[in-house]
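Student: Build the 3D model from these lines:
(chains A and B)
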Amino acid sequence: MKVQSGAKTAWIRRAALLLLPLAALAWSLAAGSLELSWSELAALLLQGPGDGIEQTILWRIRLPRALLAALVGAALSLSGTSFQAVLRNPLADPYLLGVSGGAALGAVAAISLGFTAALVPPLAAFIGALTALALVYLVARAHSCSTHTLILSGVMVGSLAAALLLFLLWRAPSDATRQAVFWLAGNLSLATPGWLAWGWIWVGSGFLLLWACAPQLDLLTQGEESAADLGLNVARTRLLVFTLAGALTACAVALAGLVGFVGLVIPHICRLLWGPGHRLLIPLSALFGGCFLMIADAIARSVYAPAEIPVGVVTALLGAPFFLYLLRHKGDGL
Amino acid sequence: MARLLLFSLLLFLLVPCPAGSTEFTDAVGRRIELDAPPQRIISLAPAVTETLYAIGLGAKIVAATQYCTWPEEARQLPRVGEYADPGLENILLFRPDLVIASADMNRPALVERLTELGIPVYVVYPRNINDALATIRALGELGGNSTAAEKLAEDIEVRLARLAAKLAGQNKPGVLGTVMLDPLTVAGPETFVSDIISRAGGRNLVPPGPSRYPAWNDESLLTTDPDVIIVTNHPGQPDPTLYFKRWPQLRAVQAGRIIEINADWIHRPGPLMILGIETLARALHPELDIEVPK
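Tutor: Sure thing, here's the model as predicted:
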């Protein structure tokens, strides 16, 4: 009898999991400066795109933005999950390894040099992120990519980028500084729908490749020696996952600036809720990360509407207490 | 202990007040004493520089910020740097007998440091048009030229009253005052620009909020759908016309009412603000034929 009710709750949980993205999307579409009731939202969705202000807002602003939030949240959460597994360090997040520093430096350099056309800062951020990643890797490769070397060289590359960034901000005129700060705080209103399609392809392939690596990730979390004993090429796997996760971060940062906290905390939350197996953890953390950022962005847009607060503020304000609660009640699952 | 106190009290009483010294209280309640009208003034705010020139005290300015660009002579002044960090040593090297700072732009720590170093600092804090008029008068007294300051302030008041009479009973178009386009930053109700808008016969559509200059997204822009959008020209910012053309649904775009105004006229609480108000009023109410003197 008890077993049966256990199976029943498992089904409810799975159903809830399927409903979560729909609920997050619906909320994200309804919230903002223009308040829409559920019935108005449904009517507008049935009407399809059009030239009216409500239709424009729903189809050309909110929908792309919700999809972008889902994409960025999923990418950050996925790369956090992978970094934490491959570095066997609970503090690892997409930004630890200098990737964010490189991205920020790239974007701010573009802005402060006056290249502010819509496409340039994201592209510069992407290039900056990949450059930082390559630098970290080149240093760490000399020591067969040991986790310590990776982390330390990542932190150093990050510090170097931060120093250059402060210098650029110091010498930039105040307009450019505000633009840069806005970008650094994370913002989902900047990306255009054209970028969105490329982003989905990029993140989608990253997701599939990482998912394919799930068994290797499980082995790596058990410890390098046992993984090597079981025939895993540890250095090569680490490099592969490291590159994939870094590329996902670069994409997320290029599309939305530095959205903090998602990549650190969502993987932990998922691990506490569903255990450490990566075959389940990878899709679930992508799903959960995407929904989390959609909701956080909906809140960021509507709390002080028509003004918008930085989404990074909301992610941390929501995520940290929830994580502390889980930590208190579920304890040592990390 | 009591004796010591008494002694220091006596000592304090004995220190002579310099003959003819005048005490002033600035806009943030600090007191300063000047022995004579200042001869070597450093201005740390463009509006202050403009006012000093307009009331005939321009010759007394020894240095100003790099943003002090009006009148033409002000561009020739030695620079002490930016608002946020004008460089203490730089200021001292000019041996000023008065520094005029702005509570809005300069850091309180800088004011403290300068005061400690024995330099009188007068802080202005104009938040609206009436404050700005009071500041003009205060600067006149401070610099020993209150007649000219009074005349300037009165002249502005007369023009404001004439405009108000013309605008009485007119409808008030909804206005969005933008400060920057990338990121879209707008002037909230607690700003100087907001007062400019209302004096020019418009209605600022930005509601009160936690930030005086909030960042807006496209959705807020479309939902608010202003009658008129004010833009200012900045280097490094997107072309305003192209920026708003992305949303042809906007009333202001359809009616061609994206109005560009010289940023210095609507952001600086100085003598040029009246030009900003009149220019804006003329654009908001084309039917009234409002004159803007050259």
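Student: all contacts plus neighbour counts: C-alpha atoms, from now on.
Tutor: Will do.
Student: can you count the residues close to residue 244?
Tutor: Using chain A here. 22 (other C-alpha atoms under 10 Å in any protein chain shown).
Student: think we crossed wires, I meant chain B
Tutor: Neighbourhood size, residue B:244 [other C-alpha under 10 Å]: 19.
Student: quick one: the strands in the stretch 51-200 of chain B?
Tutor: B:61-64, B:98-102, B:121-124, B:174-181, B:184-186 (DSSP state E, counting those that start in this stretch).
Student: oh, I was asking about the stretch 51-200 of chain A
Tutor: Using DSSP E, counting those that start in this stretch, strands in the stretch 51-200 of chain A do not occur.
Student: Look at residue B:29 and say how many residues are nearby.
Tutor: 10.
Student: is it fair to say it lies in a strand?
Tutor: No. Using DSSP: H, G, I helix; E, B strand; the rest coil, the secondary structure at residue B:29 is coil, not a strand.
Student: Now do the same contact list for it.
Tutor: Contact partners of residue B:29, counting by C-alpha atoms under 8 Å, 6 or more residues apart in numbering or on different chains, are absent.
Student: One more: residue B:71?
Tutor: B:50, B:53.
Student: out of the strands of the stretch 51-200 of chain B, nearest to chain A?
Tutor: Across those, chain A has its closest neighbour in strand B:174-181 (7.7 Å, C-alpha to the nearest C-alpha).
Student: and that closest one, how far from the chain's centre?
Tutor: In terms of C-alpha atoms, centre = their mean, to the nearest Å, the centre of strand B:174-181 is set 18 Å apart from its chain centre.
Student: that older thread, so can I have a markdown table of the strands of the stretch 51-200 of chain B showing mean pLDDT and mean neighbour count?
Tutor: Compiled in a markdown table, the strands of the stretch 51-200 of chain B are given as follows (pLDDT from 0 to 100; neighbours: other C-alpha atoms under 10 Å in any protein chain shown):
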| stretch | mean pLDDT | mean neighbour count |
| --- | --- | --- |
| strand B:61-64 | 94 | 24 |
| strand B:98-102 | 94 | 23 |
| strand B:121-124 | 96 | 25 |
| strand B:174-181 | 94 | 23 |
| strand B:184-186 | 92 | 20 |
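Student: Need the ones you listed in JSON lines (columns: distance to residue A:253).
Tutor: As requested, the strands of the stretch 51-200 of chain B are exported to JSON lines (distance: least, C-alpha to C-alpha, whole Å):
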{"stretch": "strand B:61-64", "distance to residue A:253": "41"}
{"stretch": "strand B:98-102", "distance to residue A:253": "38"}
{"stretch": "strand B:121-124", "distance to residue A:253": "42"}
{"stretch": "strand B:174-181", "distance to residue A:253": "22"}
{"stretch": "strand B:184-186", "distance to residue A:253": "20"}
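Student: With distance to chain A as added columns, please give those in JSON lines.
Tutor: Shown next, in JSON lines, are the strands of the stretch 51-200 of chain B (distance: least, C-alpha to the nearest C-alpha, whole Å):
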{"stretch": "strand B:61-64", "distance to chain A": "18"}
{"stretch": "strand B:98-102", "distance to chain A": "17"}
{"stretch": "strand B:121-124", "distance to chain A": "22"}
{"stretch": "strand B:174-181", "distance to chain A": "8"}
{"stretch": "strand B:184-186", "distance to chain A": "9"}
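Student: out of those, which comes closest to residue B:263?
Tutor: strand B:174-181 (8.4 Å; C-alpha to C-alpha).
Student: Okay, now the sheet partners of the closest one, with direction.
Tutor: The pairing partners recorded for strand B:174-181 under DSSP bridges are strand B:184-186 (antiparallel), strand B:203-204 (parallel), strand B:228-231 (parallel).
Student: for the last one, what is the average pLDDT?
Tutor: Confidence over strand B:228-231 (mean pLDDT, whole number) is 96.
Student: which outside residues touch it?
Tutor: In this structure, residues lying in contact with strand B:228-231 by C-alpha under 8 Å, 6+ apart are B:173-180, B:240, B:251-252, B:257-261, B:284.
Student: For that strand, C-alpha coordinates in PDB please.
Tutor: The C-alpha coordinates for strand B:228-231 follow below in PDB (Å, rounded to 0.1, in the frame of the first residue of the first chain):
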ATOM      1  CA  VAL B 228       5.800  63.400 -26.900                       C
ATOM      2  CA  ILE B 229       9.300  62.000 -26.300                       C
ATOM      3  CA  ILE B 230      12.100  64.300 -25.400                       C
ATOM      4  CA  VAL B 231      15.600  63.200 -26.500                       C
END
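Student: Please state the offset of it from the chain centre?
Tutor: Distance of strand B:228-231 from its chain centroid, counting by C-alpha atoms, centre = their mean, is 20 Å.
Student: Now the element after that strand, going C-ward?
Tutor: Sequence-wise, the next helix or strand downstream of strand B:228-231 (DSSP states H and E) is helix B:240-245.
Student: next helix or strand past that following helix?
Tutor: Using DSSP H and E, the first helix or strand after helix B:240-245 is helix B:251-254.
Student: For that next one, which outside residues touch it?
Tutor: Residues outside helix B:251-254 that contact it (C-alpha under 8 Å, 6+ apart) are B:225, B:226, B:227, B:228, B:229, B:244, B:245, B:247, B:248, B:258.
Student: Most neighbours of all those residues, which one?
Tutor: Sorting the contacts of helix B:251-254 by how many neighbours each has (other C-alpha under 10 Å) puts residue B:228 first, at 25 neighbours.
Student: count of neighbours near residue A:236?
Tutor: Quick note: residue A:236 (other C-alpha under 10 Å) scores 12 neighbours.
Student: now swap in the one 3 residues further on and tell me
Tutor: Residues within reach of residue A:239, counting by other C-alpha under 10 Å, total 17.
Student: which stretch of helix or strand covers it?
Tutor: Judged by DSSP H and E, residue A:239 forms part of helix A:234-256.
Student: quick one: average confidence on that helix?
Tutor: For helix A:234-256, the mean pLDDT works out to 86.
Student: before we move on, what about stretch A:70-84?
Tutor: 94.
Student: All set now, cheers.
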